[in-house]
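Chemist: Quick check, what structure comes out for this input:
(3 chains)
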Amino acid sequence: MDFSLFFSQLMGGIGNGAVYASLALALVLIFRTTGILNFAQGEMALYSTYLFWYFTQRSVPVLLAILITMVISFIGGALIERVIIRPVEDKSPLVIVIVTIGLFLALNSIVQVQFGADIKTGLPRFYAATTWRPGNVQISADTLVLVAMLAIVCLLLYVLFQHTKVGLAMRAVSSNAESSRLSGIPVGNVLMLGWGLAAALGALAGVLIIPQLGLEASAMQSILFYSFAAAALGGFDSPVGAVVGGIIVGVAQALATQYVHFLDGITLIVPFGIILVVLMVRPQGLFGTKRVERV
Amino acid sequence: MNQPHRARRVLVFIAVLALVGAACGSSRKSGGGGSTTTVAGGGGGAAVSDADCPPGQGSVGVNGDTITIGTSLPQSGVYAAFTAILNGEKSYFDYINAQGGVEIPAGSGTKYKIKLVDKDDAYDAAKTVTNVNSLINDSKVFSLFNVVGTKNNLAIRDTVSTDCVPDLLIASGAVQWGNPKFPWLIGSELVPYPLEVQTFVNYLKQKKPDATIAVLAAADDFGQSYVDTLNELVKGSSMKVVQVQHYDPESTDPAAVKPQVTSLAATHADAFLLAATLLGCPNALNAMGDAGWKPIVYMSGTCVSKVLFTLAGNNANGVLSVTPLMDPANPANDSNAAMQLYKSSVKQYAPKADTTDGIVGYGWTTAALFVKILSLSPKVDRVAVMNAAHALPSVKDIGLQIPAATWTTGPNDNFIGETFQMITYSVSAGHSESVGDLIDDNGKTADLSPKSLLNS
Amino acid sequence: MISRRQAQIIGLVVAVIVLAVLLVLPHQTGTTSTLRWAQVLYIGIAAMGLNLLTGYNGQVSIGHGAFFGVGAYTTALLMHNEGWQFLPTLVVAAPVCFLVGVVVGFPALRVKGLYLALVTLGLAVLFPDLTKRFVHATGGTNLVSLTRAELAPPAWVPLWVSGEGRDDQWAYYVTLGAAIVLVIAAVIIVRSRFGRALIAVRDHEAAAETVGINVAQVKVLAFAVSALYAGIAGSCAVLVTHIANAEKVNTFQLSIEFLVAVVIGGTATVIGPLLGAWIVVFLQHYISDDLPNHVSSLGPLKRVLGEPAASPAIFGILLILFVYVLPDGVVGGARRLYARLTRSRRTRAPAVPPSPTPLTT
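Modeler: This next block holds a predicted model:
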C-alpha cells in the first residue's frame, strides 16, 4: 500500500472538504439563528466575491478589499432579511423555501447581467498559493489557510453563542421567537444580525475558495449540493458539524475515487450513501441537537 | 372508500392500459426517416436529395433578398459564457450585409443579406428541441447555424432530417456528425476529437516512443471519443495506457478532478492526455502541478483559450494542443489582413466584445464559412446548399483560418476541420506558439472515429 | 352573497368549460402552442403528485426530477430500443416508478424535515450520473432521442389532422388524458381514508399513531404515489419533447419547478398545482419570448430586462412578489375570496397547517 499516495488523497480530500465546509458554515449560521434553509447562500457569497473582484480590479489592496466586501455583505444580508425574508417569516416553511429559491435565481442572473457571463481571471489571494510536497504528500497553502479560517470562525461562533449576550439573544430567538419578544429581545434586529453575519461569513468563504474555483456564474452551484450535504451530515445547527461534515464528504469522495474503481463516474454515491446511513441512524446529524417532540 | 376498493381500481386501470397496448399491435421498428441517398463507406459524407422532403421546402426562409437563418445556444444559466460566440457571428453577418450581402452563386451579381434569429436554450436539450421547432415552423428559417452542444444537436437530428432543414456548422468536434444516416447535419471547423488524439500519438512516437500514458476524460461521449481512439492507436506500438480516470463534466470545481489527477500522478506516467472541457482543463493542470508531476501534456482543443490558460498559471507552460484558427491573442498575427479585418469589424459591430477571446474569433470564422458555403451553392435552395457543404473544394482564407490551410469535404469525408496546427502554450509569451508544420489530415477522421459513437 | 350550492354549480360549470376548451385546443392553435399546453399538463401532473407528498403529507422533496427521469427513460428506452408503442410503456413505467418511490420512502421514514429535503436533493443530483454510466443511447450519450416514426400515434387514433402534426396532437391528448385520470385519482385518494391519514400524519404524527394509523405505511405509500405521478409525467414528456435526457442542472431545475408550481397553485387542493404549472410555464415563456419585444422600445436600462441572461432574475423576483401577495397560492387566495363572498365560517381543516411544520429542524 502506497502510503504517500493515501495521505496525498487524504490531504486533497480535506482540502476539498474545507471548501464545502466554508459554504456549509454560512448555511448553518443562518439556520442556527433563523431556522431557515437558505438556498441562496451560495449565490449571495458569489455576488460578494464579484464585488471583491471589482475592488481588486481597481487596485484596492487585497486585505482591505476583503474587509470592505465583508462589511458590504453584512449590510446586504441584513437588508435581505428585513426586506425580502421578513414578510414571509411567519408563513409556511415551504413558502420560505420558495422565496430563497427566487433569491437564488435572481442573484445568479443579476451577477451575469451586471458583471458578464464570462470567466474572470486575476482574482488574487493574500498569500502565495504554493504546494509543499514533504515525503511526496501534497499539502497546499490554500487548504491550510482555509482550514485555519474554519477553525477560527468556529471558535468565534462558539464564543459568540455561549459567552455573549448577543449570542444568547440569537439562541433565544431561534428557539422561541414569541417568548423572546415578550422578554424584550428585539427579535427583528437579532434576525437581521444573523443574516448579516452569515452573509459576511459567506463573503469570506467566497473570497477564499473562488480563487481555486474560478470566478464565473456557476462557481457556487457545483458545490451547492456538497455543502448542503456537509451541513446535513454534521447537523444543521452545529458549526463544528458543518466543518466535520464537509471534511468527511471531501475525504470520502477522494478515497472512493482512488480505491473503488467500479464506481468510476458515479463516485457521488459514496458521500450520498454516507449521509443517508448517518441520518438514518442519527436523524439530527452527527453534532446536531435532537428535536424532542412533545406529545 | 377503503383500501381494497382503491387497489382494485388501480388494477383495473393497469389492465385497461395493457389491453389498449395489446390492441395497438406489436412492435413497430422503422429505420431512420428523412431524405438520404447514402454512399457506402465508413462515416462518409452523403449527398442529399429532395426525394423524401415535404413539398416546397427548398426555398423556405428566402424573402426577396434576405435569407433568414436560426441558431440556438446557451445565453443564460450555467453555460452563458457561450454568448460570446454571437458577438463574432453577428459581427461577420453585419459586415457582409454592409457590403450588400453574399452573392449566390458567386459571380452572378445577385446578392442576399443574412438575418440571424438567435434563441436561448440554456444548454438544455429539451429547450433546443422547442427552439428549433419554433425556428422551423414559426420563424421559417432557411437553415440552422452553429447550434451549440452535442446532445442539443442529437436531440434535433431527426427533426432536421425529416423536415429537410440544413443543420450547418454544429459547434462541436464530435464524430457523431459524420454519421452517414444523417446527411443533413455537418460539424464546424473545430478539429474532430480523434484527429487530436492521433496528433498527440504521432508526437509521442517521435519524442518518446515507449511512453506510458495517463488519461483524464470527461465521463460522457466527449471523453469517450478520446479514450477509445487512444486505445486503438496505441495498439501495436510500444506505448501503453497505464490509467484512465473519469470526472463529472458538469462540475466546475477543482474537487471534481483533484482525486483523479492525484491518482494519475502516482503512476508517474510520461504523458498525460487531458480530455476535458471548460474549467476542467485548468483545474486538472493545477492539480497536476500540485502533485509535482511533469508529464508531456496534451489538452483538448476545446480548452484553447486565453482565459483557461491564464487560470492554470505556470502549469499551462508547454501544454500541447491544436487549433484550426489563428490566435487573436498573439501579437504576431496582428499584421495579418484577415486578423485586422476581424478586429476592426468586431470593434465596430460588437464594441463590448473581447477580440482576443478565441470564442469570438471562432464565431466570426464560422459565420464566414457559412457565407462561403452559400456562395458555392448554385442556387438558394436548401438541398443545393447542403450539398455544397458536403463538397467543399479546399477552401481557404475563411475568417481566421490559418493562412496555408485548406478545408475540404467530399462523398466520403464529412468533416471540415481536418487541417490544423499543433501548438504549445508559453506562459512567458502569454500566447500559444506553433509546433511543427501545418497538419493536413484531410479525410482521415472517419476511419479513426469510434464506431459506437459514429453509428448510433 | 352566494350560497354554497350556487358556488358549487359555478365551480362545476367552470370545470366543464375549461375541459371543453382543453379538448378542442389543438384544433384551434398551432403546434408550438399545443406542445406548450402539453408541457403545462405534464408538469401539472408531477406537481399534483408532489403536492400529495408535500402538501397533504408534509414530506418535502426537492428530488422529484429523478422520479420524472425514471419514467421518461423507461418509456424512451422501451420505445427506442424495443420499438414499443407509447401506452404499453406506461404499464411498465408506472409500477417501476411506484417501486422506486417505495424504495426511497423507507429511508425517508427515519429522515425528517429539512434533512429529508436534502436527501431528496441528493437523488436529483445522483440520477443524471447514474444515467451517464448506464445509458448509452443516441450518439453514445445518455440522451435518448426518438424519431418521428417511433413517436407516431397508432393509425386508428382519431385526431384533427392527418399526416403532419399528428404526433404533436397525440402527445397533447395522451397527456391530457393522463392528467384527467390522475386528477380523478387524486381526488379519490384525498377523500379516502388514506387521504385523511395523510393529513393526520402530517399534522400530528404521534396522535395519528395512537388512533391506529400505520404511519410508516402511509408515509411510504405517499412517496410511492407521488413518484408514480412524477414518472407518468416523465413518460408523457417523452412524447412532447421527443427526448429523455438527464443533466444535473436540468433534473434540479425540474424538481424546483414542480415545487414552485405546487406553492404557486396552492397546496390546499388537488388541482391547485395544475394552475401553478400553468402559471410557471406561461410566465417563463412570456419572460423569454415576449418581454424582449415589449421592452425593446424603451430606454437602454429597460432593454436589459429583455436580455436572455436576465430572465431567471425576472422570474425569481416575480416569484418572490407572488408569494408575498398570495402565500397560500392561487387556490388559497381564491378560497379566501370565496369565503368572503359566501360570508360563512366553516371549521374545515386547513390543508396548510398553521403551525411550523417539521421543516424547521
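
Chemist: Can you check the pLDDT for the residue of the stretch 301-450 of chain B at minimum distance from chain C?
Modeler: Per CB to the nearest CB, B:Pro450 is where the stretch 301-450 of chain B lies closest to chain C, at 7.8 Å. The way it works is simple: take the backbone N, C-alpha and C, and place the C-beta from them, glycine included. B:Pro450 is assigned 87 on the pLDDT scale.

Chemist: which ones are touching it?
Modeler: Counting by CB atoms under 8 Å, 6 or more residues apart in numbering or on different chains, B:Pro450 touches B:175, B:194, B:224-225, B:228-229, B:232, C:140.

Chemist: Could you list the low-pLDDT ranges of the stretch 151-295 of chain A?
Modeler: A:291-295 (pLDDT under 70).

Chemist: That one against chain B: which residues are in contact?
Modeler: A:212-214, A:216-219, A:221-223, A:226, A:250, A:253-255, A:257-258, A:264-265, A:268 (CB under 8 Å from any CB of the partner chain).

Chemist: one more time with 10 Å, if that's ok
Modeler: A:209-223, A:225-226, A:249-251, A:253-259, A:261, A:264-268 (CB under 10 Å from any CB of the partner chain).

Chemist: Helices - which of the residues you listed land there?
Modeler: Among these, the ones falling in helices (DSSP state H) are A:209-213, A:219-223, A:225-226, A:249-251, A:253-259.

Chemist: and these, which are buried?
Modeler: For these, a burial check counting by 16 or more other CB atoms under 10 Å in any protein chain shown picks out A:209-213, A:219-223, A:225-226, A:249-251, A:253-258.

Chemist: ok, now how distant is the residue of chain C positioned farthest from its centre from C:Leu305?
Modeler: For chain C, the C-alpha farthest from the mean C-alpha position belongs to C:Gly299; by CA atoms, centre = their mean, that distance is 38.2 Å. Going from C:Gly299 to C:Leu305 by CB to CB, to the nearest Å gives 11 Å.

Chemist: Need the overlap of contacts for these two.
Modeler: The contact sets of C:Gly299 and C:Leu305 do not overlap (CB atoms under 10 Å, 6 or more residues apart in numbering or on different chains).

Chemist: And the closest residue to chain B within the stretch 251-361 of chain C, how far from A:Glu43?
Modeler: Here the residue of the stretch 251-361 of chain C nearest chain B is C:Pro308; by CB to the nearest CB that distance is 3.7 Å. Computed as CB to CB, the C:Pro308 to A:Glu43 distance reads 18 Å.

Chemist: A:Met280 too?
Modeler: From A:Met280 to A:Glu43 the distance is 31 Å (CB to CB).

Chemist: out of the two, which sits in the more crowded spot?
Modeler: A:Glu43 (27 against 16; other CB atoms under 10 Å in any protein chain shown).

Chemist: secondary structure element for that one?
Modeler: helix A:41-57 (DSSP states H and E).

Chemist: and the helix or strand just after that helix, what's its mean pLDDT?
Modeler: Sequence order places helix A:62-80 as the next helix or strand after helix A:41-57, per DSSP H and E. Across helix A:62-80, the average pLDDT comes to 95.

Chemist: now the angle from helix A:62-80 to helix A:41-57?
Modeler: 140 degrees (axes from the mean of the first three to the mean of the last three CA atoms, to 10 degrees).

Chemist: Any residue of stretch B:325-339 touching chain A?
Modeler: No. Stretch B:325-339 stays clear of chain A (CB under 10 Å from any CB), getting no nearer than 12.8 Å.

Chemist: Work out the gap between that stretch and the centre of the chain.
Modeler: 23 Å (CA atoms, centre = their mean, to the nearest Å).

Chemist: distance between the ends of that stretch?
Modeler: 10 Å (CA to CA, to the nearest Å).

Chemist: In that stretch, which residues are buried?
Modeler: Neighbour-count burial for stretch B:325-339 [16+ other CB under 10 Å]: B:325-330, B:333, B:338-339.

Chemist: now, among the residues you listed, which is nearest to B:Leu376?
Modeler: Checking these against B:Leu376 by CB to CB gives B:Ala338 as the nearest, at 18.9 Å.

Chemist: Burial check on residue 245, number of neighbours?
Modeler: Picked chain A for this. Neighbour tally, A:Gly245, other CB under 10 Å: 34.

Chemist: My question was about chain B, not that one.
Modeler: Counted with other CB under 10 Å, B:Gln245 comes out at 22.

Chemist: go on, C:Arg5?
Modeler: Count around C:Arg5 with other CB under 10 Å applied: 8.

Chemist: Am I right that it is in a helix?
Modeler: Yes. The assignment for C:Arg5 (DSSP: H, G, I helix; E, B strand; the rest coil) places it in a helix.

Chemist: and the gap between it and chain A?
Modeler: 31 Å (CB to the nearest CB, to the nearest Å).

Chemist: ok, now which ones touch that residue?
Modeler: If you count contacts by CB under 10 Å, 6+ apart, then C:Arg5 has nothing around it.

Chemist: Give me the pLDDT for it.
Modeler: Reading off the model, C:Arg5 has pLDDT 83.

Chemist: For the contacts of B:Pro450, which two are the farthest from each other?
Modeler: Going by CB to CB, the pair spanning those furthest: B:Glu232 and C:Gly140, at 15.3 Å.

Chemist: Which of the two has more residues huddled nearby?
Modeler: In this view B:Glu232 and C:Gly140 are compared by other CB under 10 Å, and C:Gly140 has more residues nearby, 25 against 17.

Chemist: Next up, phi/psi of the more buried one, please.
Modeler: phi 70, psi 10 (degrees, to the nearest 10).

Chemist: can I assume it is in contact with B:Asp220?
Modeler: Yes. C:Gly140 sits in contact with B:Asp220 when judged by CB atoms under 10 Å, with a separation of 8.8 Å.

Chemist: hey, what's in contact with both of those two?
Modeler: The contact lists of C:Gly140 and B:Asp220 share B:Thr150, where a contact means CB under 10 Å, 6+ apart.

Chemist: For C:Ile314, see how far away C:Val13 is.
Modeler: 35 Å.

Chemist: B:Tyr226: what's it in contact with?
Modeler: Counted by CB under 10 Å, 6+ apart, B:Tyr226 has contacts B:193-194, B:196-197, B:200, B:215-218, B:244, B:273-276, B:298, B:300, B:450.

Chemist: mind running it again at 6 Å?
Modeler: Applying CB atoms under 6 Å, 6 or more residues apart in numbering or on different chains to B:Tyr226 gives the contacts B:193, B:197, B:217, B:275.

Chemist: Just give me the neighbour total for B:Ser434.
Modeler: There are 14 residues near B:Ser434, going by other CB under 10 Å.

Chemist: Angles on the backbone of it, please.
Modeler: phi -70, psi 150.

Chemist: now B:Lys115
Modeler: Torsion angles, degrees, to the nearest 10, at B:Lys115: phi -120, psi 120.

Chemist: Quick check: bridge partners of it?
Modeler: Under the criterion DSSP bridges, B:Lys115 forms beta bridges with B:Thr68.

Chemist: OK, contacts around the residue of the stretch 251-361 of chain C closest to chain B?
Modeler: Contacts of C:Pro308 (CB under 6 Å, 6+ apart): B:75-76, B:120.

Chemist: So which of these sit within helices?
Modeler: Going by DSSP H, the helices hold none of those.

Chemist: which of those residues lies closest to A:Pro134?
Modeler: Of the contacts of C:Pro308, the one sitting nearest to A:Pro134 (CB to CB) turns out to be B:Ser76, at 46.2 Å.

Chemist: near chain A, which residues of chain B?
Modeler: B:78, B:80-81, B:83, B:219, B:246, B:251-255, B:258-260, B:262-263, B:266, B:279, B:290-292, B:307, B:310-311 (CB under 6 Å from any CB of the partner chain).

Chemist: Need the buried ones from those residues selected in PyMOL.
Modeler: Typed into PyMOL, the line below selects the buried ones among the residues of chain B next to chain A, using 16+ other CB under 10 Å:
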select buried, chain B and resi 78+80+81+83+219+246+251+252+253+254+255+258+259+260+262+263+266+279+290+291+307+311
